[in-house]
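Asker: Okay, structure incoming, though there's no sequence with it:
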């Protein structure tokens, strides 16, 4: 990748990054932080690439540790964000009745 | 496998990058937030599959096993963690991501003889990734209560910090010019120490801002690792998180009335030592649960101010029931939610939503503050710093300038507290000694249960 293309990509990404989160309400700060946190877990791609090229056992071990860490970031990040947001479900919609909410609570109890 | 041509690979990575942008966009609005998160996850899955089908790789069984292991560790924790401990978990996930980025750059350094420019990116990734890793570890330890939430400073810390940064700069220059892999390990170690020194002095109440800042750091490290590996998707995703994380950090700091720079370096300047861990022995007025119940039952308008103590005691459901019972008696009940109630902005909304408190009765600070003048009783449950008038009156206080809930305007104030120990920020609350204030000591959930019984009986 040549330097100018790279710079273009970086600059445009910075503007997009600024733009998409500029109008977020404080209620969503925590889920947004958690979601952004999950996205940088995509460093898993990098970890897999280096693990796929590792030649000696010691470097392979380090690379595999990186894969484990990155996976934890990526997968765990999305799962915990989803759990947070699950709790917001239905509250915006006035149609949601208490009867609809009850089974949800029961289901949540089971997973604990 | 080599099934995908470079063009197809690039296209599929582009789709994944678009997914990440849509994810962040979706997460900014309550209605699309959950879908946004799922789109992000789908993008990540697509990217990983694309990688496996686009490159010839060794060690695939071991890599798959490592992915399985990472998921097996993270998923159960993410599913089972109490919502009260969620900020720590986000901090921990952020730290391991930074650590992974640092290791990726380290391995590139060891395996390939990179050009000097690429070595600049390698140095940046290792340093920032390592800082994010150890810094996040400190935030987790502070939030979990493993180490004190108060700023940890020692004499001469400023100079140690300067020394460490100078060492990091020197090693970075050596590494870029010589390309000698030996310096890689040393740079990682120095980065780890810098991360510790950076976060130790941060006071407990500011930890969420630091988590957000370190999240942006990890994003930048990931972007730099993309430069190292020549992978555009990593560059785009990392830069997106770095940029949006920076904005989010600023917005969060504003909601708490803090400046980001002041948060990171305030303790070095001194002045934030106004806090005290000493338990005050000044007289306070205490009240029985019976009295509190009667007081609430015959009030016209009650504002409940929930804080972290409520969440720790798992009292969300009890307080939701108390609100229901009071409303059935004709009492107007409002929840006054401070932006940083709990441990992070929006944390308390998540906790109360879990307890099925109706969205309409949750009011944000700007909405609820004018209501206090006409409020009979304010019930402060497990909150302290967010109602502390020192934020308005004591310029030397660590929380000075933070917007607070002005509960002092109400007719009567009842604090449900575990003890007289100061709050997370370690500052005494003058409001506790106000003649209008009464205290009910004990575990928030036990106290609430007793109050609930008293309300039902009266």
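Answerer: Great, that's in hand. All values reported here derive from a predicted model rather than from experimental measurement.
Asker: which secondary structure element contains the residue of the stretch 101-250 of chain B found nearest chain A?
Answerer: Using CB to the nearest CB, the closest approach of the stretch 101-250 of chain B to chain A is made by residue B:243 at 2.7 Å. C-beta here means a position set from N, CA and C on the backbone, and glycine is covered the same way. Secondary structure from DSSP states H and E places residue B:243 in helix B:232-255.
Asker: which parts of the stretch 301-450 of chain B sit against chain A?
Answerer: Listed as neighbours of chain A in the stretch 301-450 of chain B under the rule CB under 8 Å from any CB of the partner chain: B:339, B:344-347, B:349-350, B:353-354, B:356, B:358-359, B:364.
Asker: Put the buried members of those into a PyMOL selection.
Answerer: Of these, the buried ones go into a single PyMOL selection, burial set by 16 or more other CB atoms under 10 Å in any protein chain shown:
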select buried, chain B and resi 339+344+345+346+347+349+350+353+354+356+358+359
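Asker: The longest helix along chain A packs against which elements?
Answerer: For chain A, the helix that runs over the most residues, judged by DSSP state H, is helix A:3-20. Contacts defined by 3 or more CB pairs under 8 Å, 6 or more residues apart in numbering or on different chains; DSSP states H and E place helix A:3-20 against helix B:6-27, helix B:207-229, helix B:232-255.
Asker: Just the buried residues of stretch B:372-388, please?
Answerer: Applying 16+ other CB under 10 Å to stretch B:372-388 flags B:372, B:375-388 as buried.
Asker: thinking in terms of the whole chain, how far from its middle is the helix or strand encompassing residue A:81?
Answerer: Using DSSP H and E, residue A:81 maps to helix A:77-86. Put simply, helix A:77-86 sits 9 Å off its chain's centre (CA atoms, centre = their mean, to the nearest Å).
Asker: So which elements touch that helix?
Answerer: helix A:29-39, helix B:33-54, helix B:60-80, helix B:86-111.
Asker: Now render those as CSV, adding mean neighbour count, mean pLDDT and distance to residue B:135.
Answerer: Putting the helices and strands packed on helix A:77-86 into CSV (neighbours: other CB atoms under 10 Å in any protein chain shown; pLDDT from 0 to 100; distance: least, CB to CB, whole Å) gives the following:
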stretch, mean neighbour count, mean pLDDT, distance to residue B:135
helix A:29-39, 31, 92, 14
helix B:33-54, 20, 95, 24
helix B:60-80, 17, 95, 20
helix B:86-111, 28, 94, 7
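Asker: so which of those helices comes closest to residue B:227?
Answerer: Across these, residue B:227 has its closest neighbour in helix B:86-111 (9.8 Å, CB to CB).
Asker: angle of that closest one against helix A:77-86?
Answerer: Computed by axes from the mean of the first three to the mean of the last three CA atoms, to 10 degrees, the angle separating helix B:86-111 from helix A:77-86 equals 160 degrees.
Asker: List the buried residues of the very next helix or strand once past helix B:86-111.
Answerer: Next in sequence after helix B:86-111, counting helices and strands by DSSP H and E, comes helix B:116-144. By neighbour count with 16+ other CB under 10 Å, helix B:116-144 contains the buried residues B:118-143.
Asker: cool, stretch B:436-448 as well?
Answerer: B:437-440, B:442-445, B:447-448.
Asker: give me the low-pLDDT residue ranges for chain A?
Answerer: Along chain A, the model assigns pLDDT under 70 to residues A:1, A:88-112.
Asker: Just give the closest residue to the most centrally placed residue in chain A, not the sequence neighbours.
Answerer: Geometric centre of chain A, nearest residue: residue A:38, 2.0 Å, by CA atoms, centre = their mean. Ranked by CB to CB, 6 or more residues apart in numbering or on different chains and with sequence neighbours excluded, the top spatial neighbour of residue A:38 is residue A:77, at 2.7 Å.
Asker: got the contact list for the one you found?
Answerer: A:34-35, A:37-39, A:41, B:78, B:90, B:93, B:97 (CB atoms under 8 Å, 6 or more residues apart in numbering or on different chains).
Asker: quick one: which of these is nearest residue B:311?
Answerer: residue B:90 (15.4 Å).
Asker: I'd say the closest one and residue B:212 touch.
Answerer: No. Using CB atoms under 8 Å as the test, residue B:90 is too far from residue B:212 to be in contact (9.3 Å).
Asker: Quick check: neighbours shared by these two?
Answerer: Joint contacts of residue B:90 and residue B:212 (CB under 8 Å, 6+ apart) are residue A:33.
Asker: any idea how far residue B:86 lies from residue B:93?
Answerer: For residue B:86, the distance to residue B:93 (CB to CB, to the nearest Å) stands at 11 Å.
Asker: Common neighbours of these two, please.
Answerer: With CB under 8 Å, 6+ apart, residue B:86 and residue B:93 have common neighbours residue A:80.
Asker: Excluding sequence neighbours, find me the nearest residue to the residue nearest to the spatial centre of chain B.
Answerer: In chain B, the residue lying closest to the centroid (CA atoms, centre = their mean) is residue B:208, at 3.3 Å. Nearest residue to residue B:208, sequence neighbours excluded (CB to CB, 6+ apart): residue B:344, at 4.3 Å.
Asker: quick check: angle from the helix holding residue A:81 to helix B:6-27?
Answerer: 30 degrees.
Asker: Count the neighbours of residue A:65 for me.
Answerer: By the measure other CB atoms under 10 Å in any protein chain shown, the count of residues near residue A:65 is 18.
Asker: what's the helix or strand containing it in contact with?
Answerer: Under the criterion DSSP H and E, the helix or strand holding residue A:65 is helix A:57-71. With CB under 8 Å, 6+ apart as the test, helix A:57-71 has contacts from A:41, A:43-44, A:46-48, A:50-51, A:54, B:59, B:62-63, B:66-67, B:69-71, B:73-74, B:96-97, B:99-100, B:103-104, B:106-107, B:110-111.
Asker: how about it: buried residues?
Answerer: For helix A:57-71, by 16+ other CB under 10 Å, it's A:59-60, A:62-71.
Asker: of all these, which two lie farthest apart?
Answerer: The widest separation within the buried residues of helix A:57-71 (CB to CB) is 18.7 Å, between A:59 and A:71.
Asker: ok, residue 11 - how many residues close by?
Answerer: Picking chain A for this. 11.
Asker: ah, no, chain B please
Answerer: Residue B:11, neighbours per other CB under 10 Å, totals 13.
Asker: What does the pLDDT read for it?
Answerer: For residue B:11, the pLDDT comes out at 95.
Asker: do the same with residue B:422
Answerer: The predicted structure lists residue B:422 with a pLDDT of 64.
Asker: what about residue B:304, distance to residue B:370?
Answerer: According to CB to CB, residue B:304 and residue B:370 sit 17 Å apart.
Asker: now residue B:166
Answerer: Taking CB to CB, one finds residue B:166 at 52 Å from residue B:370.
Asker: again with residue A:7
Answerer: 50 Å.
Asker: Of the helices and strands packed on helix A:3-20, which stretch is the most buried?
Answerer: helix B:207-229 (a mean of 29; mean count of other CB atoms under 10 Å in any protein chain shown).
Asker: what separates that one from the chain centre, distance-wise?
Answerer: 15 Å.
Asker: Equivalent analysis for stretch B:396-416, please.
Answerer: 22 Å.
Asker: for the buried residues of stretch B:372-388, which one is nearest chain A?
Answerer: For the buried residues of stretch B:372-388, the nearest to chain A is residue B:386 (13.1 Å; CB to the nearest CB).
Asker: Give the buried residues for the helix or strand bottoming out on mean pLDDT in chain B.
Answerer: Among the helices and strands of chain B, helix B:260-265 carries the lowest confidence by mean pLDDT, DSSP states H and E, at a mean of 72. Residues of helix B:260-265 classed as buried: B:260, B:263-264 (neighbour count, 16+ other CB under 10 Å).
Asker: next one: stretch A:19-28
Answerer: Here stretch A:19-28 shows A:20-21, A:24-28 as buried, counting by 16+ other CB under 10 Å.
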